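Chemist: next input, structure requested:
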Amino acid sequence: MSDSLPVQLVEKRDALLGILSGYGRVAVAFSAGIDSTVVAKAAQLACGDRAVTVTADSPSLASGELEEAKRLAALIGIRHQIVRTEEFENSDYLKNASNRCYFCKTELYTQLEGLAPQLNVDVIVNGANLDDRGDHRPGMQAASEHDIRSPLIEAEFTKADVRALAADWELPIWDKPASPCLSSRIAYGLSVTPERVRRVDKAERFLREELGLRELRVRHEPNDLARIEVPVTALARFANDDIRDKITTHFKSLGFKFITLDLEGFRSGSMNSVLPLESLTMSAK
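Modeler: Numbers count the residues shown, from 1 in each chain. Reported below is the predicted structural model:
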C-alpha cells in the first residue's frame, strides 16, 4: 500500500480494513462500479479467502458490466459468483414508482441471504458511501431491512475518498463514471420492461461508440421520446448534420419516435427533479 495518501485517508483505509476483518466471512454485492470494487479489494486484503463477490445479472444490467465484473474480480483475486435476479417478475418494480430501487435491492438482498450458507459467509456488504445518504436512495432502506452492512459509510468514506483510494490501489476503474442500472433511465410512472431497457442500452452504446463519450444518459420518456444527456462541452457536436442524422436514424430503428437533446447537459439523477419533495424523503411503502 502507498504511503502517499493523506493521513486522514490512510486512517479511513485502515479503519475500512479493520471493519471488514471484524465481519468474518464476507459477501460483497458487486456491481463493478467504483464503490463496490473498492470494497471488494478491501475485503480481499482484509479477509482473503473468506471474502466473495456476488454480481446480480438481469435485463437492467448495462452491456459489458457483467464482463467487467468478472475481469475486476479476477484482477483483485477474489472469488466471484453470479446470481440471476428476478425483479422483472415483481409488479411493484415494473410500475416504476419513485421507490423502484427498493424492490430491486430487496430482490438482490433476499437472494444473497438465501445464498449465504452456500457461499459460507456471515455478513453481506454493499458499496454505499457517505454521499449516498443525501440522495433519493430507496435501496438504502432495503439494505437496512436485510441487515446489509455498508463498510464505506462505517469508515466515513466520501465518494472522493473512494476514488482516491481506488487510484492508490491502481484499480483501473478509479475514474469510471457512475453507471446505475438501466431502469433508472425510464421516466417514473412509465412501466419498466425488458424491451425499454434494451432500447436504452443499445442507444447509449451507439452514442459511446459514435461519439467516444464516457459519460452520458439516454432517458426514456413517455411517448417513446429519447432525451439525450451529454456533457455540455459535447453539445455542439450534435449540430453536425451527419452525426444528427446517424443518431436519429439509429434511435428510430430502436423504436424511439422522438429524439431530443437536453441543453442542460449530463447530470446524474436528473429523473429525480420531477419528484415532489416529500417523495424524496419518505420511506418506501
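
Chemist: for Trp141, helix, strand, or coil?
Modeler: Rather than Trp, residue 141 is Gln. helix (DSSP: H, G, I helix; E, B strand; the rest coil).

Chemist: just checking, Gly265 touches Leu235?
Modeler: Yes. Using Cβ atoms under 8 Å, Gly265 makes contact with Leu235 at a distance of 6.5 Å. Heads up, the C-betas are built off the backbone N, CA and C, glycines and all.

Chemist: correct me, but Gly127 touches Ile153?
Modeler: No. Gly127 is beyond contact range of Ile153, at 9.7 Å (criterion: Cβ under 8 Å).

Chemist: of these two, give the one with the bigger neighbour count.
Modeler: Between Gly127 and Ile153, Gly127 has the larger neighbour count (other Cβ atoms under 10 Å), namely 23 against 19.

Chemist: ranges for the strands of the chain?
Modeler: Along the chain, counting by DSSP state E, strands occupy 26-29, 51-57, 79-84, 123-125, 217-221, 225-229, 258-261.

Chemist: let's have those strands in a markdown table, adding mean pLDDT.
Modeler: Formatted as a markdown table, the strands of the chain follow (pLDDT from 0 to 100):
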| stretch | mean pLDDT |
| --- | --- |
| strand 26-29 | 98 |
| strand 51-57 | 98 |
| strand 79-84 | 98 |
| strand 123-125 | 98 |
| strand 217-221 | 98 |
| strand 225-229 | 98 |
| strand 258-261 | 98 |
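
Chemist: residues touching Leu75, list them.
Modeler: With contact set as Cβ atoms under 8 Å, 6 or more residues apart in numbering, Leu75 has these partners: Leu171, Pro172.

Chemist: so how far is Trp169 from it?
Modeler: 11 Å (Cβ to Cβ, to the nearest Å).

Chemist: pLDDT below threshold where in the protein?
Modeler: For the chain, the stretches flagged by pLDDT under 70 are 1-3, 134-136, 269-285.

Chemist: spatially central residue for the protein, please.
Modeler: Pro180 (3.4 Å; Cα atoms, centre = their mean).

Chemist: now that one: phi and psi?
Modeler: phi -70, psi 170 (degrees, to the nearest 10).

Chemist: what about it, distance to Ser60?
Modeler: Distance from Pro180 to Ser60, by Cβ to Cβ: 9 Å.

Chemist: would TSV of the strands of the chain with mean neighbour count and distance to Asp242 be doable?
Modeler: Output for these, formatted as TSV (neighbours: other Cβ atoms under 10 Å; distance: least, Cβ to Cβ, whole Å):
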stretch	mean neighbour count	distance to Asp242
strand 26-29	28	43
strand 51-57	23	37
strand 79-84	15	40
strand 123-125	23	48
strand 217-221	21	20
strand 225-229	20	16
strand 258-261	15	15
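
Chemist: which one of those lies nearest to Tyr188?
Modeler: strand 217-221 (10.4 Å; Cβ to Cβ).

Chemist: quick check: closest non-adjacent residue to Lys159.
Modeler: Asp131 (4.5 Å; Cβ to Cβ, 6 or more residues apart in numbering).

Chemist: what about the one you found, how many residues close to it?
Modeler: 16.

Chemist: just confirm it contacts Asp161, I think it does.
Modeler: No. If you go by Cβ under 8 Å, Asp131 and Asp161 don't touch, sitting 9.5 Å apart.

Chemist: Gly48: neighbour count?
Modeler: Close neighbours of Gly48, defined as other Cβ under 10 Å, add up to 11.

Chemist: distance check, it against Leu20.
Modeler: Here the criterion is Cβ to Cβ. By it, Gly48 lies 11 Å from Leu20.

Chemist: ok, and the closest non-adjacent residue to Asn96?
Modeler: Once flanking residues are discounted, Asn96 sits nearest to Val192: 4.8 Å by Cβ to Cβ, 6+ apart.

Chemist: my guess is the one you found contacts Arg100. True?
Modeler: Yes. If you go by Cβ under 8 Å, Val192 and Arg100 touch, sitting 6.9 Å apart.

Chemist: any common contacting residues for these two?
Modeler: Tyr93, Ser183.

Chemist: gap between the residue nearest to Gly255 when sequence neighbours are not counted and Leu17?
Modeler: Counting by Cβ to Cβ, 6+ apart, Gly255 lies nearest to Arg199, which is 5.5 Å off, once chain neighbours are set aside. Between Arg199 and Leu17 the computed distance is 42 Å (Cβ to Cβ).
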